[in-house]
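In: Next input, structure requested:
(one chain, ligands or ions: 1)
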Amino acid sequence: MKRVELAVFDLDNTLYDWYASFLPAFYAMVDVATSILKCDRDALLDELRSVHVKHHDVEHPFSLLETKTVQEFVSQERSSQALQVLDPAFHAFNKTRKENLALFPDVRTTLDELRTRDITLIAFTDSSYFATLHRIRQLGLANVFQHIFCRAKSKNDSPFPVRPPPEDNLIHITTELPADETKPDPRVLFEIARVENKITSSIAYIGDSISRDVLMAKKADCFAIWAKYGVHKDSTMYEKLVRISHWTTEDIQREKNYVAEAEKIKPDFVCERSIGEILTVLDGPTGTLTRRQQRTS
Ligand SMILES: [Mg+2]
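Out: Numbering: from 1, shown residues only. Coordinates of the predicted model:
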């Protein structure tokens with residue numbers, strides 16, 4: 001057993017299937033918007049991609065409102081009510097996302113058990129602020145993590161009024177990271193260790209991407225766990241992501257370089273089928289599990 005004080009979790013495709021929750025919702029919104037606006041669907045997708053590139057975020061909130069088609073529609077209508085016409089499109093997005101967002105099997109029981117073993121849980125994602133906090137709340141994980149690290153929200157104001165956040169602790173425990181501090185840059189793991197007053201060798205890191213999560217964890221000398229069960233394999237869904245993604249040519253080349261670099265490293269442990277497998281390898285800082293077993297035997 002590896003004794004650790006902290007466990008840092010990637011979120012997307014480590015705790016839930018991000019592709020299954022976001023992409024069908026996005027395309028449901030596009031389909032409804034296309035019929036409301038009576039526009040060409042492919043042209044609208046091109047415009048959405050441009051908005052995502054501009055903000056460098058495929059989950060930029062209300063990107064639909066920043067498209068040329070919608071901007072022209074709003075100016076033609078000359079009415080403050082014009083945007084309300086698009087409500088059914090946003091409703092389709094929210095409904096589909098809610099239906100499809102679910103934790104992978106064993107996630108909740110595994111996180112609870114790790115806490116029982118006196119292991120502090122931290123979340124670290126490259127997703128941006130609003131998307132991250134929304135998913136954590138929706139999945140009932142608001143009280144699970146001691147600290148959340150995510151990408152900073154866009155400096156551009158949302159064109160929609162931002163609703164007041166629910167009354168939980170999340171905004172107080174969330175740190176927004178600068179855009180250049182993305183995985184596999186190990187700086188954030190060093191920062192997490194500093195803030196929590198730990199050394200990185202006492203930290204386990206769990207994520208689904210070898211070239212981002214595992215590579216970063218190894219660079220920071222953490223115990224690197226690969227969530228192999230979360231690796232996305234649906235090529236149709238991946239093509240849908242590429243169609244609207246914010247990735248530039250430089251982003252794609254950088255990703256290829258990480259993949260090449262990651263070929264030289266190996267995770268310290270692999271979860272093949274379920275996150276629950278980490279319970280066979282992680283124990284608390286003082287051998288909490290061992291002591292519990294001794295008490296009950
Ligand atoms: Mg991930």
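In: Ramachandran angles for the residue in the stretch 51-200 of the chain that the ion sits nearest to?
Out: Closest contact between the stretch 51-200 of the chain and the ion, by Cβ to the ion, is at Thr125 (7.3 Å). For glycine as for every other residue, the C-beta is placed from the backbone atoms N, C-alpha and C. In terms of degrees, to the nearest 10, the main-chain angles of Thr125 are phi -130, psi 150.
In: Check whether stretch 227-243 comes near the ion.
Out: No: Stretch 227-243 lies out of reach of the ion by Cβ under 5 Å from the ion, never closer than 6.6 Å.
In: For that stretch, measure first residue to last.
Out: 26 Å (Cα to Cα, to the nearest Å).
In: Show me what counts as buried in that stretch.
Out: Judged by neighbour count (16 or more other Cβ atoms under 10 Å), stretch 227-243 contains these buried residues: Ala227, Tyr229, Gly230, His232, Lys240, Leu241.
In: Okay, the fifth one and the ion: tell me how far apart.
Out: The one in question is Lys240. Distance of Lys240 to the ion, given as Cβ to the ion, to the nearest Å: 17 Å.
In: Out of the buried residues of stretch 227-243, list just those in helices.
Out: Lys240, Leu241 (DSSP state H).
In: any idea which of the buried residues of stretch 227-243 is closest to the ion?
Out: Of all the buried residues of stretch 227-243, the ion sits closest to Gly230, with 6.6 Å by Cβ to the ion.
In: And the closest one, how close does it get to Leu11?
Out: Gly230 sits 10 Å away from Leu11, taking Cβ to Cβ, to the nearest Å as the criterion.
In: picking up where we left off before, just give the number of residues close to the residue of the stretch 51-200 of the chain closest to the ion.
Out: Taking other Cβ atoms under 10 Å as the neighbour definition, Thr125 ends up with a count of 23.
In: dump the residue contacts of it.
Out: Listed by Cβ atoms under 8 Å, 6 or more residues apart in numbering, the contact set of Thr125 reads Asp10, Leu11, Asp12, Thr132, Ile148, Phe149, Cys150, Arg151.
In: ok, now with 10 Å
Out: 9-12, 14-15, 18, 131-132, 135-136, 148-151, 177, 183, 207 (Cβ atoms under 10 Å, 6 or more residues apart in numbering).
In: Common neighbours of Gly230 and Leu11, please.
Out: Common neighbours of Gly230 and Leu11 (Cβ under 10 Å, 6+ apart) are Trp18, Gly207, Asp208.
In: Are any of the residues you listed buried, and if so which?
Out: Trp18, Gly207, Asp208.
In: Leaving aside the residues adjacent along the chain, what's closest to Gln71?
Out: Leu65 (8.0 Å; Cβ to Cβ, 6 or more residues apart in numbering).
In: now swap in Val281 and tell me
Out: In space, Val281 is closest to Phe269, 5.0 Å off (Cβ to Cβ, 6+ apart).
In: and that neighbour, how many residues sit next to it?
Out: Residues near Phe269, counting by other Cβ under 10 Å, number 16.
In: In contact with the closest residue to His232 other than its chain neighbours: list those residues for me.
Out: Excluding its sequence neighbours, the residue lying closest to His232 (Cβ to Cβ, 6+ apart) is Tyr19, at 5.4 Å. Going by Cβ under 10 Å, 6+ apart, Tyr19 touches Asp12, Asn13, Asn100, His232, Lys233, Asp234, Met237, Tyr238, Lys240, Leu241.
In: Tyr19: which element?
Out: Assigned by DSSP states H and E, Tyr19 belongs to helix 18-37.
In: Distance from that helix to the middle of the chain?
Out: The chain centre lies 19 Å from the centre of helix 18-37; the measure is Cα atoms, centre = their mean, to the nearest Å.
In: ok, then the element right after that helix?
Out: Immediately after helix 18-37, counting by DSSP H and E, sits helix 41-55.
In: Quick one: residues in contact with that following helix.
Out: 26-27, 29-31, 33-35, 37, 39-40, 57-71, 128, 153-156, 240, 242-248, 251.
In: likewise stretch 94-106?
Out: Residues outside stretch 94-106 that contact it (Cβ under 10 Å, 6+ apart): 13-29, 109-111, 113, 134-135, 138-141, 227, 229-230, 271, 273-279.
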